[in-house]
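> Here is my input, please return the structure:
(2 chains)
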There are 2 protein chains.
Amino acid sequence: MEHLQFSLFTSSETQIEQLGDCTVYTVNNSTGSGKMTDYPVFSGIHLIYNDFHMRVCPCDEKQCLNCIELNHCCEGRIEIEYNGKLYYLGKGDFALASKDGAVQSSYFPLAHYHGISIVLDGTLITDETVQLLKSFSIDIVSLYRRYYGDGKCVLLRDNTSVEHIFAELYTVHDSVKISYLKVKVIELLLFLSVSENFACRVQQELYPAYRVEKVKKVREYIETHLDERFTVEELADKFRIPLTAMKLCFRAVYGMPVASFIRSMRIQQASCLLRTTELSVMDIAGTVGYDNASKFASAFRGIMNCNPVEYRQRAM
Amino acid sequence: MEHLQFSLFTSSETQIEQLGDCTVYTVNNSTGSGKMTDYPVFSGIHLIYNDFHMRVCPCDEKQCLNCIELNHCCEGRIEIEYNGKLYYLGKGDFALASKDGAVQSSYFPLAHYHGISIVLDGTLITDETVQLLKSFSIDIVSLYRRYYGDGKCVLLRDNTSVEHIFAELYTVHDSVKISYLKVKVIELLLFLSVSENFACRVQQELYPAYRVEKVKKVREYIETHLDERFTVEELADKFRIPLTAMKLCFRAVYGMPVASFIRSMRIQQASCLLRTTELSVMDIAGTVGYDNASKFASAFRGIMNCNPVEYRQRAM
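Here you go, the predicted model:
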């Protein structure tokens, strides 16, 4: 079976299994677990289902050349590196970018990601693929030239046509899977063929790596200090980021404002303690930074749609 | 160019024009005008865009054998005859039925219909088509056998997968049209291949022709008596249909309850008079059955989102 030149996302931690039509890559580490299911659709064109419940998926030092990677996010969030800057895909977002250089580790801001990658490997596309696509009016060589190269990158958020292309890929019946993937890859390539003005759509949304690095430290601090109270201004001071820059960058990385993120973390932690311990509701409220039972109950209801006592009863 | 065995919907009134890849059939008669744009996608498989602003599209007496017709309604409403009974497609509905007998005139309850037909003509499917579809895991012969024949009929209302297949067909870029139609026909056939339990889904919704005939007379009566007031009960009495049967059948044919239909007709007629005559608003209200100006204004606003005077000013 054909494998992508960079053996996809393998590292010393990756387990590889051949399962019928596809190759399954699984990774487990201290940040969680992840799975990539790789289908070769045409020679040089692979479709990969990505399912991650981890923060960082490492990869070995290696180069990936001549590839175009298309990503669709179905659920959760993924960070994508592009020319030393970073951008983020959330539910329904779609991105296309050249892969031409060192392979990076993957980072999942919410430790939760489900999506699809389609990789066009310029070195593996055969004449057979070229001819087959030609019979559907797709000139893969010129399409490749149009989208491959420095500074060429597309990011489409919440695009209905893209959604219609990808939606059924997540639930397709096994008995027709490979054929269905072929149809969908052809449809996507046709979509890209007739979309004239896509290049460089992403420029405005790129975030410099050093700022993202700081914002990730902010998240780590929040998650390890849930019992404390702090304002967004205090966090910006503490990590020496201009307030507005921090707000914007945090929202880009984690998909929500800092304050919502803090509240969400507190309530997630509280719900975990409600399920798994016998601590009193008042004690749990304190552990996640609430010294007032009714404020805690109200915040809890706002996210979980029920109050803490009900939640614990249902979880029993 | 291949033509479907029954030359589609031709009658003595039809004009036929060859335009590049497609054949365009246009009809004009006293009930309005209509257009069918027929693309041969594979041998024996045609896709037809239907655009009608007419009530009845006639056809000559002829037989159509061995065909399966799939219809998707994008806008408006169409009546489909099946084994002497009738059913109706509204926005987003999809139907599949064998065509095996006398070709019928088409009836459009709202004199407004946009949709797509896909016709599989069993007598025209060549080995080339069989082989091509086979390369996408589609066994067209067994699919044909599964869906063709007496009593086999599918009706899906508001199905997300069907919507995703058809949505972009209505806006596809001309430069890739034929290829795109191929991809979509393959996708639809794959969808039908894996949909096991579709047969006979429509049975509950069939309406006998004699009752539909009466309900159409009710509509005609409403439209020619807009200046009069009558209740639904009075209409049922007048046309000798049991009240509940009339309500159900009317709603099936016209897609809305009798009372809503009457109101909608009155307001449509009023808006036409506001645009095209200098009659006073009060006179127009009387012409469409309102003797009270404020009740008329309120009904008008309910449908047109503005009052009659504003509407007339905008139309100037």
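> Count the residues that sit near the nearest residue to A:Met36 once chain neighbours are set aside.
Closest residue to A:Met36 apart from its sequence neighbours, by Cβ to Cβ, 6 or more residues apart in numbering or on different chains: A:Tyr25 at 4.3 Å. Heads up, the C-betas are built off the backbone N, CA and C, glycines and all. Here the number of neighbours of A:Tyr25 (other Cβ atoms under 10 Å in any protein chain shown) works out to 21.
> Surely A:Tyr25 is within a strand?
Yes - the assignment for A:Tyr25, made by DSSP: H, G, I helix; E, B strand; the rest coil, places it in a strand.
> pLDDT score for it?
With respect to pLDDT, A:Tyr25 has a value of 91.
> my guess is it meets A:Asp38, correct?
Yes - between A:Tyr25 and A:Asp38 there is a contact at 6.8 Å, judged by Cβ atoms under 8 Å.
> near chain B, which residues of the stretch 151-300 of chain A?
A:160-161, A:164, A:167-168, A:173, A:175-176, A:178-180, A:182-184, A:186-187, A:190, A:193-194 (Cβ under 8 Å from any Cβ of the partner chain).
> I'd assumed A:Leu110 was in contact with A:Gly255.
Yes - with contacts defined as Cβ under 8 Å, A:Gly255 counts as touching A:Leu110 at a distance of 7.2 Å.
> what ranges do the strands span in chain A?
A:14-19, A:22-29, A:32-42, A:45-53, A:56-57, A:63-76, A:78-82, A:85-89, A:94-102, A:106-107, A:113-121, A:153-156, A:207-208 (DSSP state E).
> Could you dump those into a markdown table and include distance to B:Glu17?
Below are these laid out as a markdown table (distance: least, Cβ to Cβ, whole Å):
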| stretch | distance to B:Glu17 |
| --- | --- |
| strand A:14-19 | 53 |
| strand A:22-29 | 49 |
| strand A:32-42 | 38 |
| strand A:45-53 | 40 |
| strand A:56-57 | 58 |
| strand A:63-76 | 40 |
| strand A:78-82 | 50 |
| strand A:85-89 | 47 |
| strand A:94-102 | 39 |
| strand A:106-107 | 55 |
| strand A:113-121 | 40 |
| strand A:153-156 | 38 |
| strand A:207-208 | 56 |
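> Out of the ones you listed, flag the one nearest B:Tyr49.
Judged by Cβ to Cβ, the one of these that comes nearest to B:Tyr49 is strand A:153-156, at 27.1 Å.
> In the sheet, which strands lie alongside the closest one, parallel or antiparallel?
strand A:94-102 (antiparallel) (DSSP bridges).
> Need the residues that contact the partner strand.
Contact with strand A:94-102 is made by A:61-73, A:80, A:82, A:87, A:89, A:119, A:147-150, A:152-157, A:159, A:162, A:166, A:192, A:198, A:202, as judged by Cβ atoms under 8 Å, 6 or more residues apart in numbering or on different chains.
> Just the buried ones from those?
Neighbour counting with 16 or more other Cβ atoms under 10 Å in any protein chain shown marks A:64, A:66-73, A:80, A:82, A:87, A:89, A:119, A:147-148, A:152-156, A:162, A:166, A:192, A:198, A:202 as buried within those.
> Centre-most residue in chain A?
The geometric centre of chain A, computed from its C-alpha atoms, lies nearest to A:Ile78 (Cα atoms, centre = their mean), at 2.2 Å.
> Can you tell me, leaving aside adjacent residues, what's nearest to A:Arg301?
Nearest to A:Arg301 is A:Asn307, by Cβ to Cβ, 6+ apart, at 5.4 Å.
> what's the distance between that neighbour and chain B?
The spacing between A:Asn307 and chain B, counted by Cβ to the nearest Cβ, to the nearest Å, is 35 Å.
> now swap in A:Gly115 and tell me
Counting by Cβ to the nearest Cβ, the gap from A:Gly115 to chain B is 18 Å.
> ok, how many other residues are close to that residue?
23.
> who's in contact with the closest residue in space to it that isn't next to it in sequence?
Leaving aside its sequence neighbours, A:Gly115 sits nearest to A:Cys73 (Cβ to Cβ, 6+ apart; 4.4 Å). A:Cys73 makes contact with A:Leu89, A:Gly90, A:Lys91, A:Gly92, A:Asp93, A:Phe94, A:Tyr113, A:His114, A:Gly115, according to Cβ under 8 Å, 6+ apart.
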